[in-house]
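[1] below: sequence and its predicted model.
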Amino acid sequence: MKVIRWSTLVPLLILMVFPVIVDSDYYRHIFIIALMWVVIGSSWNLLAGYTGQVSFGHAIFFGTGAYTAGLCVTKLGISAWWGMLFGGPVAVLVGLIIGWICFRLRGPYFALATIAVGEIFRIGATVWRDLTEGMQGILIIQTFRSKIPYYYLALFLAAACVYAIYRVVNSKWGFYFVAIREDEDAAESMGISGFRYKSLSLAVSSFFTGLAGAFYMNYMAFIDPHVVFSLHYISIMAILVGIIGGVGTLWGPPAGAFIMVLLQETFRSSFFGLLPKWVSEGHVLVFGLLVIFVIRFMANGIIGDWHKIRQIWSRAKSLPPAAAGN
Amino acid sequence: MEVFLQTLVSGVLIGGIYALVGLGMTLIMGVMKIINLAHGQLMMIAMYITFVLFEYLHLDPYFSLLIAMPSLFVLGVIIQKYFLNPLLKVDSILPENQVLMTVGIGMVLTEVIRFIFHSDYKSVKTSYSSDFIYAGGISYNVAMVIAFMIAVLLTLLLFFFLLKTDIGRSVRATAQNKDAALLMGINAEWITIFTYGLGSALAAAAGSLLLPIYYLFPDIGGPFTLKAFVITILGGLGSTVGAIVGGVVLGVAESLGATYISMALKDAVGMVIFLLVLIFLPGGLKAWTKI
C-alpha cells in the first residue's frame, strides 16, 4: 500500500511557494492556522480513525502543550521555544495518564470520559491561578514580526506529522490499531494487547497535538484556558476536521483542516466583505450544517467517499444520453 | 449545621430538576444505545420557547410547559426520524456516527438561537422568583419548590406511563432487547422515534421549570448536556430509577461543592464524580439498587 506517491508532493510544493507568491499577512495567517489544524486533525485521526477511540478531549493535549510553552516563560524564565521541545513529551505524559484511566472504557463511554477529563482540565486551568494565571492568561512577546518563519515551521510540523502518521499506520503498529478498531476482543484474542496499543496510538497522537499547542503559544503569543482547553473550539473542531475530511484516511484530516479553516474564515469575514455583516455570525452554524450533511450523505468524509463524489460527477455527465434513451 | 442543611435542601431541590434532564437522556440511551449530545441544546430551545411566551404573551413559565413540551416532542421526533434513524443504514468506519450527528445537531440548534436572539443573557422574573418560605431555620425558594414538585409529578406520570401503558411497556421492551421486541411485533423504529420525542419533552419540562430561577443564553445547552450524561452514568445506564437518584446526587454534590470547596469548582465536582463512577462503579448506582 503505497499512499505517498510523487504526486502527493505537489500540495507540499504549492504550500512551500505559497507565502512567496502571496504577499499578504492575512492569507499567510489563515494558512498557518490551517496547517496547525492539519497537525491536530491528523493526530486525532490516528487515535479515532485508525484505532477507533473517539476522543472528545484533544484540547487537553493542545492546552497542555500550549501551557508548557507558556510556563517556560512565566515560571522558568526561558524562551517559549523550549516549549516546542517539552510540549510534546509533557502532552504524552498527560496522555498516558489519561489513557491509563480512560482506556478501561470502550466506545461511547471512552468518548464521554474524555469530555469529562477535558472539562476538568479547563476548569482546573481556570482556577489554579498560581500556576496558570487563570483567566488572565499568559501573554508573551512574539519572536518574529514576519509571518514567514512561523509559516515554514507550521508547514514543517504538518508535513512531519502526516509523514509520521503515514509511517505508523503502514507499520505493524498501524495494523494492530486497525485490528483494535474493528474488534477489540478479537484483537486481544490474537495476542494484541489492547491497552498497550491504544496507549501507543494515544502517545503519538498527544505528542503531535502537544507540539501544535506549543506552536500556537509561540505564534499567537497569548493563551487562556477558555481558548486552548475549549471543548468547542479545539476538541470538537478536531473531530469536525476529521469527519469532514474522512476518518481513517491519511489525507482526510489535512483536507478537512483546509476546508474548515477556509470556510470559517470565509464566513467570519462575511465572504471577505462582499456580503452583509450578519453573515459572519453564521460561521459555526455552517459548520453544524456541514457536519450533518457529511455524516448523513458521506459517512466516510470527503476523502473517504471521494470515489462516490467522483461517481456522481461522472454519472451526471454520462447519464443524459441514457436518460434520453428512456 | 444550618449551612449544611440549607445546602442539602437546595441541592435536593435542584436535583429534582436535574433528574428530569437525566431521565430523558436515560430513556434515549436505553432504547437507542447512543449518547444524545444535543440533550442540553434541546432543553435550551425549550427555555427560549418559554422565554418568548413569557416576554410577549406574559404566560407563566409553568403554564408554558404545556406548549414547550409538545413542541420539543415534535422537534425530537423530526430529529430522530430524519437525522438519526437513517444513519443506521449507512456503512461507516466509526460506529459513533449517531453520537457525532447529535453534536452537529446541537451546534445547529445553538447557532440558530444565537442568530435569532444573540448572545445576550436573558431571564424570566416572575412575581415569585425571589420569594422565600422559612421553615425550621431553612429558607426555601418558592420557585424552586414549585419546580421540584412539578418535576416529581412529571416523574410519577412517566413511571405510570412506562409501567402501565402499552406504549410504555413497548419502550421498556425495546430498551431491554430490540431484536426480541421486534419479534414480539413491536415497531422498534417507531418506538425509537417516540422515545427521542419523549426524552426531548422531558428536557423541555426541565428547561421551563428551571427558567424562573436561572438565566438563559444560547450556550447554556452544553453544560446541561454534560450534567445529563453525568447523571445517566451515575444512575447506571438506562436505569430510570437510577437517573432520579443520579440527578439528586449530582444536585447535592454540586451545591456541597459550591458551599464548601469553591463556586468556581462547582462544575468540576460533577466531572470528578463522573470519572470516579466510571472507573470504580461502572454499573452506576444501579449496581446497588438492582432495578
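    Looks like it arrived, so ask away.

[2] burial count for A:Trp306?
    A:Trp306: 17 surrounding residues under other CB atoms under 10 Å in any protein chain shown. To be clear about C-beta, it is placed using only N, CA and C from the backbone, and glycine gets the same treatment.

[3] for the residue nearest to it when sequence neighbours are not counted, give me phi and psi.
    Distances taken as CB to CB, 6 or more residues apart in numbering or on different chains put A:Gly246 closest to A:Trp306, at 7.9 Å, once the chain neighbours are dropped. Reported as degrees, to the nearest 10, the phi and psi values for A:Gly246 are phi 130, psi 120.

[4] so A:Gly246 sits against A:Ala257, correct?
    No. In terms of CB atoms under 8 Å, A:Gly246 does not count as a neighbour of A:Ala257; the distance is 11.9 Å.

[5] run a quick neighbour tally on the residue lying closest to A:Thr8 once chain neighbours are set aside.
    Here the nearest residue to A:Thr8 in space, its sequence neighbours aside, is A:Trp251; by CB to CB, 6+ apart that works out to 7.9 Å. Counted with other CB under 10 Å, the neighbours of A:Trp251 add up to 21.

[6] same check, this time on B:Val31
    The local packing count at B:Val31 equals 28, with neighbours defined by other CB under 10 Å.

[7] can you check the one 10 residues further on too?
    As a burial measure, the neighbour count of B:Gln41 was computed by other CB under 10 Å and equals 28.

[8] isn't it up against B:Leu109?
    Yes. Using CB under 8 Å, B:Gln41 makes contact with B:Leu109 at a distance of 4.3 Å.

[9] list the residues that are in contact with both of these two.
    Contact criterion CB atoms under 8 Å, 6 or more residues apart in numbering or on different chains; residues shared by B:Gln41 and B:Leu109: B:Gly221.

[10] which regions of the chain sit below the pLDDT cut-off?
    As the question left the chain open, I've gone with chain A. Per-residue confidence of chain A (counting by pLDDT under 70) places the weak regions at A:1-5, A:315-326.

[11] that was the other one, I meant chain B.
    B:237-238, B:282-291.

[12] my read is that the residue nearest to A:Thr8 contacts A:Ile303, right?
    Yes. Under the criterion of CB under 8 Å, A:Trp251 lies in contact with A:Ile303, with a separation of 5.0 Å.

[13] figure out how far the strand or helix carrying A:Thr114 is from the centre of its chain.
    With secondary structure defined by DSSP states H and E, A:Thr114 is part of helix A:107-127. Mean-position distance between helix A:107-127 and its chain equals 18 Å (CA atoms, centre = their mean, to the nearest Å).

[14] what packs against it?
    Under the contact definition 3 or more CB pairs under 8 Å, 6 or more residues apart in numbering or on different chains; DSSP states H and E, helix A:107-127 sits against helix A:58-74, helix A:82-102, helix A:225-228, helix B:221-235, helix B:266-280.

[15] next SSE after that helix?
    Past helix A:107-127, further along toward the C-terminus, the next helix or strand under DSSP H and E is helix A:129-132.

[16] next secondary structure after that next one?
    Using DSSP H and E, the helix or strand that follows helix A:129-132 in sequence is strand A:138-139.

[17] name the strands paired with that next one and say parallel or antiparallel.
    strand A:222-223 (antiparallel) (DSSP bridges).
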